[in-house]
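[1] Below: sequence and its predicted model.
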Amino acid sequence: MGCETNSERLMLRLAATTLRSGLHHVKTAWLFTRSDFKTIILPVMIFTNVVSPRHNPLALSYSLCWLWSHLFQGNVSNQSYSAPEDLLNKPWRPVPSGRISVKDSRTLRWGLMVFCLGFSSLFGLNVVITSAVFTVLVVIHDDFGLSGHPIGKNLLNVGAYVSFELGSTLILSEEPSLDSTSRTALWCSALVILTTIHVQDFADVNGDRMLGRRTLPIVAPEGSRIYILCVLPSISFALASFWSLGPLCSALFTFMGFAVGLRCFLVRDENGDHINYWLYNIWLIGAHLLPANARFRVFAW
């Protein structure tokens with residue numbers, strides 16, 4: 001009886017240790033992607049659901065898993081190189097907080113690349129190609145140092161963002177290719193990201209400067225603010241016209257772009273820039289909702 005009791009206690013301790021270890025790894029994975037739920041997961045999944053002609057719940061879960069696993073891959077790679085910056089700006093991330101070493105995170109990123117390609121193979125050739133292109137973009141961004149170039153970084157961000165949207169939409173639509181509305185929406189999304197994404201760099205100027213990066217707010221501190229002030233309302237008006245929004249919806253969306261652009265121009269402290277980026281992401285979600293008017297005429301008023 002005593003032996004059985006000891007054996008049961010040993011099994012319970014082993015189970016508890018395994019559970020703690022598992023929860024530790026789950027939290028580490030979550031911390032790698034925590035800051036991008038509002039900037040990647042939510043806008044991309046909104047875009048995917050808006051432009052996809054089908055909405056199967058199982059396919060939606062696959063699409064979300066595919067998106068998160070590729071975001072995880074990209075973030076592990078990126079954060080294995082940005083530990084000094086993260087120590088200043090985001091010390092809770094796994095590498096600067098000591099949850100995982102730089103060496104282990106770089107080993108993990110290669111394993112995730114293999115996993116993502118394998119997972120993508122379940123959904124057809126175009127999804128595999130999308131995953132492979134994303135992997136190449138991650139390598140160029142991190143291993144070849146283009147993350148420090150103002151134009152190169154923007155172009156790579158566009159490529160990664162469009163890869164997220166393309167792969168997720170292909171999986172949800174359960175088709176080997178996109179229809180014309182989805183393709184048009186993807187091109188519009190690429191244009192939006194290309195012309196506005198450096199709003200994210202305003203709040204990270206100190207860390208980027210420490211790493212020697214030459215982002216647009218560092219290269220042109222005043223010019224980049226003026227540019228955003230002009231481009232956000234302009235592209236808002238252009239998108240409203242392109243997707244044939246009604247007069248009230250067009251006015252509201254254009255005003256939103258103007259308001260965010262004006263705040264980015266006027267509010268320039270670090271905390272204010274973090275809030276500006278939050279507001280920009282709300283505007284970005286709105287931009288990703290607009291293609292719904294082509295399918296459902298929901299913004300015709």
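    Okay, I see it.

[2] Low-confidence stretches in the stretch 51-200 of the chain?
    In the predicted model of the stretch 51-200 of the chain, residues 147-148, 150 satisfy pLDDT under 70.

[3] Which parts of it are helices?
    Using DSSP state H, counting those that start in this stretch, the helices of the stretch 51-200 of the chain run over residues 57-81, 83-89, 102-120, 125-143, 150-173, 180-196.

[4] Out of these, which gets nearest to residue 241?
    Proximity to residue 241 (Cβ to Cβ) singles out helix 180-196 among the helices of the stretch 51-200 of the chain, at 11.7 Å. From N, CA and C alone the C-beta is placed, and that goes for glycine too.

[5] Touching stretch 91-103 from outside, list them.
    Applying Cβ atoms under 8 Å, 6 or more residues apart in numbering, the external contacts of stretch 91-103 come out as 24, 27-28, 31-32, 34, 79-80, 83, 86-87, 90, 105, 108.

[6] Could you write me a ChimeraX select line covering just the buried ones among those?
    Entered in ChimeraX, the line below selects the buried ones among the contacts of stretch 91-103, by 16 or more other Cβ atoms under 10 Å:
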select :28,31,32,79,80,83,86,90,105,108
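
[7] Determine which two of the contacts of stretch 91-103 are furthest apart.
    Pairwise distances across those peak at 20.9 Å for 24 and 87 (criterion: Cβ to Cβ).

[8] circling back: please work out which of the helices of the stretch 51-200 of the chain is packed deepest.
    Mean neighbour count (mean count of other Cβ atoms under 10 Å) peaks for helix 150-173 among these, with a mean of 22.

[9] for that one, packing partners?
    If you count contacts as 3 or more Cβ pairs under 8 Å, 6 or more residues apart in numbering; DSSP states H and E, helix 150-173 packs onto helix 42-51, helix 57-81, helix 125-143, helix 180-196, helix 216-219.

[10] Turn those into JSON lines, columns for distance to residue 289.
    Below are those laid out as JSON lines (distance: least, Cβ to Cβ, whole Å):
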{"stretch": "helix 42-51", "distance to residue 289": "6"}
{"stretch": "helix 57-81", "distance to residue 289": "17"}
{"stretch": "helix 125-143", "distance to residue 289": "23"}
{"stretch": "helix 180-196", "distance to residue 289": "10"}
{"stretch": "helix 216-219", "distance to residue 289": "27"}
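
[11] how about the ones you listed, which one is nearest residue 240?
    Across the helices and strands packed on helix 150-173, closest to residue 240 is helix 180-196 (Cβ to Cβ), at 11.5 Å.

[12] and the next element down the chain from that closest one?
    Per DSSP states H and E, helix 180-196 leads on to helix 205-210 as the next helix or strand towards the C-terminus.

[13] for the chain, which helix is longest?
    The longest helix of the chain (DSSP state H) is helix 2-33.

[14] which one among the contacts of stretch 91-103 gets closest to residue 72?
    Scanning the contacts of stretch 91-103 for proximity to residue 72, where the rule is Cβ to Cβ, the winner is residue 32, at 5.9 Å.

[15] Give the buried residues for the longest helix of the chain.
    Going by neighbour count (16+ other Cβ under 10 Å), the buried part of helix 2-33 is 28, 29, 31, 32, 33.

[16] Stretch 230-242 now?
    Neighbour counts using 16+ other Cβ under 10 Å place 231, 232, 233, 235, 236, 237, 238, 239, 240 of stretch 230-242 among the buried residues.

[17] Could you tell me the angle between the helix or strand in which the second one is found and helix 180-196?
    Spelled out, it's residue 232. Assessed by DSSP H and E, residue 232 sits inside helix 221-242. Computed by axes from the mean of the first three to the mean of the last three Cα atoms, to 10 degrees, the angle separating helix 221-242 from helix 180-196 equals 160 degrees.

[18] what's next to helix 221-242, contact-wise?
    For helix 221-242, the external contacting residues (Cβ under 8 Å, 6+ apart) are 188, 191-192, 195-196, 198-199, 202, 216-217, 220, 249-250, 253-254, 256-258, 260-262, 264-265, 268, 283, 287, 290.

[19] which among these end up buried?
    Among the contacts of helix 221-242, those classed as buried by neighbour count (16+ other Cβ under 10 Å) are 188, 192, 195-196, 198-199, 202, 216-217, 249-250, 253-254, 256-258, 260-261, 264-265, 268, 283, 287, 290.

[20] Select, out of the helices of the stretch 51-200 of the chain, the one closest to residue 17.
    Per Cβ to Cβ, nearest to residue 17 of the helices of the stretch 51-200 of the chain: helix 102-120, 19.8 Å.
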